[in-house]
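Novice: requesting a structural model of the entry that follows:
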Amino acid sequence: MAEGPPSCPHAAWEEVGAPQESSSPLEPTEVCMVQLLQADASWLAVYEEEQELVDFIQAFLKSSEKEDTEKLRFLEGICTLCRVARHRGLLQGLGVFCHSLELAESIKVLLEEEPRDHLRTAVRQLAMDAIAALRYLPIPPGDPWPRGPCPRARGLLEALLPTLVSNGPISHCSSVETVLEGQKKSLIHACFTSVLSLPSEEDMQGLDASLYFQTLDAMDSMLRVLVFSSPASSLSEELQTILKMLLTFTDSKSAAVRARVLRRIQRLSHFLARCFSVEAWQEEFSRGCYREIQMPIPGQLLGHLILLSSCKEEESSRVALDALYSFYRFICQRESRPLSEDNPDHQQVQREWLAESPSSSSLLHKASTLTMACKNYLWPSEKTDIVLTAIEAMRDSSTYDKQVASRVLNMFMREPASWLADVPSIVRCIHEGLKYTSTLSAWRSLNSLLVLLACKSPRELVFSMVIHAPLCDSTALDMWELMFFRNKRRTKLSTELMKVVGSRKRRHRRLISTTVLHACKILEAVQDCTNAEQLQFSSLQVLQEYLRCPKPEFHSLVLMGLITLLERPETARKMGVLLPDVMETLQDANKYIRMKALLVFQNVVSHLERKKASRIALQLSEKLLPLFDDDCSQLRELSICLFKDLMKVVVCCDKKRMKNKVWRGLLPLFFHMSDQNQRVAKVSRKALLAVAELLEWEDLKYLIGAQQTWRISECLLVKDRRRVEEYLHQSMPYLQDAQASLREAAIRFIGEPQPPGSLFWQPGPRPRHCAGSEGQLSDGALCSGLAVRHCRNQSKEKLAEICHALQLLEKDTELSVSCLAIQTMLILRAPRAQRSSVWSLLCCWPC
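Specialist: Residues are numbered from 1 along each chain as shown. Sure, this is the predicted structure:
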């Protein structure tokens, strides 16, 4: 059993003293005073009325182990002590007493010790009541120092008074403000964490519903007390602090936590709208005083409410919308906008608000109407905060609807003049947001915002990018490329960049990163090439040097510059000196750099003379083959599309050399006709047709046009039996491809026989000229099987190697792949004479 409070509290306190958790050591005089106050509380004005309660509070703080009943009595005791002292006029010295015993810290510890997974006692409720009670204590009027039955304490305090005043913190202990001073935020955070972070009501076993709602009501009462008992000069700060702390919980993954937070914000908004009407303020302050306070509402809060009012959780949406309406009413009163028929904007809001419709579309419409109405009366800083909140809501980790966040941002972008002031903060937020955003609509909105900044505040944008997005990562690089290469105002921005960098170099060179200085040289070279009628060799030489530099960010900038320059055909024809270096970037590890290099070659090949394009095609065709199998579907599509175009620009004198190169692309193109990405599959078919035209294989062209896929594979094998083993070797890696469709295609190509009438036999019109070493290809030729059957090397070792590769697919995640692999292994392991009978047994294999 836990140890109870000591029977002689005065003696106990004299021996041990109250716990000290001050962040800095006390001066000797301060220690003397604290020890004196802890040792004897008889000087308190309220001591005679509540001696037993005062003694228990002191004893409880000394006790090492505390039962729940003692915790409840301790917290109730604080509330009772404050209430009795206030009602009976016995407040003198109570603030000193509470401060010396560090009651606020003790309350916080009790909150932190409460279990996070259930609510079974009233400790949380009474802790918040106690915080409110301590906050309600007014500053004692007159002489604050203790009087009464302890002359020794009185004499010592008077003797120490000059020292205490000079030392600072303890000199202010006469003010009850010091009871919570310096600990208010930590206390509120402890309350929020202990109560708001509880599991949902359904997940808390044995929950007392009455206790649960009383606890939440206690929090609402505490928050109102903390805000509205503040002096008018600090009331705005108190409210904003609490609202911002509540906002940190709106990002919770738990719907229950978000719902509790919204309810607290809703209650505060109701109280604010009701108590801070013009009439209520006029009762306590003059009209002039009301205008002087001008309480701001955190734009972040309004931004979150706007987003939450459009969320998929209907109950949360309604609560957020209600809170937003209350803040709208307060904002109108703050700006002296009448909430009457004289205000047409308010009348429209009222009509929307009073319209009864339970549909989600109605809630969205109301949210949009309220947002537009609030926007008209918000301060510029508040609007900027809403924009920043919308940008943050677009991140992948955000729980908000990305489409809604984009709509909010687009709404504010229509009137940028009223909020577009803090450009550095916006640029910094865009940079951080793009890092963790993959949604296409979000990217488009953020890019549109950058373009808007370029239009409205070009110099501020450039300066902010130099400081806050100095090409330090791929996101910053994307921002730079958008601004200086993919923007109609790129010339203006480049000029501004040169001015900013030039002025910063003269005054604060260390603030400009080396990477930015190199980027300026690249931009200057591109600009020279753009403006000059004749390309300057010196400018091309600069670009060539940066292409040969090992830093990928420079490669990316140069390639984007070349893509911009190649928009003009006359410029494209003069870029030959850079093409060998561009070709080397196709081996870069960064997929975006490789894609940009492919785009450069697409533009160059289409504008060059036929002979020059043919020579480039000979060099480039082999470089493209590894890109066919890249993980990035865009890269696969671009590389295959360029390969197709190269087939069409080869001139007669280069055709023989090209034919010797392109055969290695036949099988990859055939496999990627089964690519899961339909765009890649489509372009692969077109590329294979272009290769067939170059090779003058009419039968292959016919099969591609007829879409007889498995006849195509047989045609490839029959066309050149010398390459069958190379085809077999080339197809083995596809057995481990990430795409199930390609793994299946590889299995079928490697070893699946297709006798006439079988499950996989595909009858159809015969090719006119598909001659191999056995002459004309007939339907019966399909009985011979695929790559393994055509392969001359059918040794046990070769078959064992193939079967081992297939065995790895027995437990493939795709059932069709695993079944096909097992079937093919059984066939390959059977003696050659028995393979037809084995196939007949497998025709009904249950896949």
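Novice: sec struct for the residue lying closest to Val261 once chain neighbours are set aside, please.
Specialist: Sequence neighbours aside, Phe249 is the residue nearest to Val261 in space, at 4.6 Å (criterion: Cβ to Cβ, 6 or more residues apart in numbering). Any C-beta I mention is one placed from the backbone N, CA and C, and that applies to glycine too. With DSSP: H, G, I helix; E, B strand; the rest coil as the basis, the three-state label of Phe249 is coil.
Novice: tell me the phi and psi of Phe249?
Specialist: Main-chain dihedrals, Phe249, degrees, to the nearest 10: phi -90, psi -10.
Novice: that one and Ala256 touch, don't they?
Specialist: No: with contacts counted by Cβ atoms under 8 Å, Phe249 stays clear of Ala256, the gap being 10.9 Å.
Novice: and Ser63, how close does it get to Glu105?
Specialist: 16 Å (Cβ to Cβ, to the nearest Å).
Novice: no wait, Val683
Specialist: Val683 is 69 Å from Glu105, by Cβ to Cβ.
Novice: of those two, which one has the most company?
Specialist: Val683 (24 against 17; other Cβ atoms under 10 Å).
Novice: for that one, what are its contacts?
Specialist: Residues counted as contacts of Val683 (Cβ atoms under 8 Å, 6 or more residues apart in numbering) are Glu637, Ile640, Cys641, Lys644.
Novice: and it, what element?
Specialist: helix 678-695 (DSSP states H and E).
Novice: and for Glu584?
Specialist: With DSSP H and E as the test, Glu584 turns up in helix 579-584.
Novice: determine how far that helix lies from the middle of the whole chain.
Specialist: Relative to its chain's centre, helix 579-584 lies at 36 Å (Cα atoms, centre = their mean, to the nearest Å).
Novice: buried stuff in the next helix or strand after that helix?
Specialist: Note on helix 579-584: by DSSP H and E, the next helix or strand toward the C-terminus is helix 591-607. Residues of helix 591-607 classed as buried by neighbour count (16 or more other Cβ atoms under 10 Å): 592-605, 607.
Novice: distance of the residue lying closest to Val408 once chain neighbours are set aside from Ser406?
Specialist: Leaving out its chain neighbours, the residue that sits closest to Val408 by Cβ to Cβ, 6+ apart is Ala390, at 4.4 Å. Using Cβ to Cβ, one gets 8 Å for the distance from Ala390 to Ser406.
Novice: those two: who's more crowded?
Specialist: Applying other Cβ under 10 Å to Ala390 and Ser406 shows that Ala390 carries more neighbours, namely 30 against 22.
Novice: who's in contact with that one?
Specialist: Neighbouring residues of Ala390 by Cβ under 8 Å, 6+ apart: Gly303, Leu307, Ala405, Ser406, Val408, Leu409, Phe412.
Novice: do the same with Gly576
Specialist: Lys612.
Novice: and it, how far from Val558?
Specialist: To Val558, Gly576 is 16 Å away according to Cβ to Cβ.
Novice: what's the helix or strand for Ala218?
Specialist: helix 209-228.
Novice: for that helix, give me every contacting residue.
Specialist: 119-120, 122, 124-126, 128-129, 131-132, 135-136, 184, 188, 191, 195, 201, 204, 235, 238-239, 242, 260, 263-264, 267-268, 271, 275.
Novice: for PyMOL, what selects the buried ones among those residues?
Specialist: This is how PyMOL selects the buried members of the contacts of helix 209-228, with burial counted by 16+ other Cβ under 10 Å:
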select buried, resi 119+122+124+125+126+128+129+131+132+135+184+188+191+195+204+235+238+239+242+260+263+264+267+268+271
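Novice: would you list every one of the helices in the stretch 1-150 of the chain?
Specialist: 9-15, 28-39, 51-62, 68-87, 94-100, 103-113, 123-136 (DSSP state H, counting those that start in this stretch).
Novice: next, format those as CSV and append mean pLDDT.
Specialist: Below are the helices of the stretch 1-150 of the chain laid out as CSV (pLDDT from 0 to 100):
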stretch, mean pLDDT
helix 9-15, 31
helix 28-39, 47
helix 51-62, 90
helix 68-87, 92
helix 94-100, 81
helix 103-113, 93
helix 123-136, 90
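Novice: those into a markdown table, with extra columns for distance to Val542?
Specialist: Output for the helices of the stretch 1-150 of the chain, formatted as a markdown table (distance: least, Cβ to Cβ, whole Å):
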| stretch | distance to Val542 |
| --- | --- |
| helix 9-15 | 80 |
| helix 28-39 | 69 |
| helix 51-62 | 74 |
| helix 68-87 | 74 |
| helix 94-100 | 70 |
| helix 103-113 | 62 |
| helix 123-136 | 66 |
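Novice: residue contacts, Leu808?
Specialist: Leu735, Gln736.
Novice: distance of it from Arg743?
Specialist: Leu808 is 10 Å from Arg743, where distance means Cβ to Cβ.
Novice: tell me, what's touching the two both at once?
Specialist: Taking Cβ under 8 Å, 6+ apart as the criterion, Leu808 and Arg743 both touch Leu735, Gln736.
Novice: so which of the helices of the stretch 1-150 of the chain comes closest to Asp631?
Specialist: helix 103-113 (47.6 Å; Cβ to Cβ).
Novice: the stretch 301-450 of the chain: helices as residue ranges?
Specialist: Going by DSSP H, counting those that start in this stretch, the stretch 301-450 of the chain shows helices at 314-334, 344-354, 360-377, 380-393, 402-413, 423-435, 440-456.
Novice: quick check: next helix or strand after the last one?
Specialist: By that I understand helix 440-456. Where DSSP H and E defines the elements, the next helix or strand beyond helix 440-456 is helix 458-468.
Novice: so which elements touch that next one?
Specialist: Here helix 458-468 touches helix 423-435, helix 440-456, helix 474-484, helix 490-508, going by 3 or more Cβ pairs under 8 Å, 6 or more residues apart in numbering; DSSP states H and E.
Novice: quick check: buried residues in that helix?
Specialist: Pro458, Glu460, Leu461, Val462, Phe463, Ser464, Met465, Val466, Ile467, His468.
Novice: what does stretch 410-425 give?
Specialist: Buried residues in stretch 410-425 (16+ other Cβ under 10 Å): Met411, Phe412, Met413, Pro416, Trp419, Leu420, Asp422, Val423.
Novice: okay, those residues in a markdown table with pLDDT and distance to Glu432 next?
Specialist: Compiled in a markdown table, the buried residues of stretch 410-425 are given as follows (pLDDT from 0 to 100; distance: Cβ to Cβ, whole Å):
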| residue | pLDDT | distance to Glu432 |
| --- | --- | --- |
| Met411 | 88 | 22 |
| Phe412 | 90 | 19 |
| Met413 | 92 | 19 |
| Pro416 | 90 | 21 |
| Trp419 | 89 | 19 |
| Leu420 | 87 | 19 |
| Asp422 | 90 | 15 |
| Val423 | 93 | 15 |
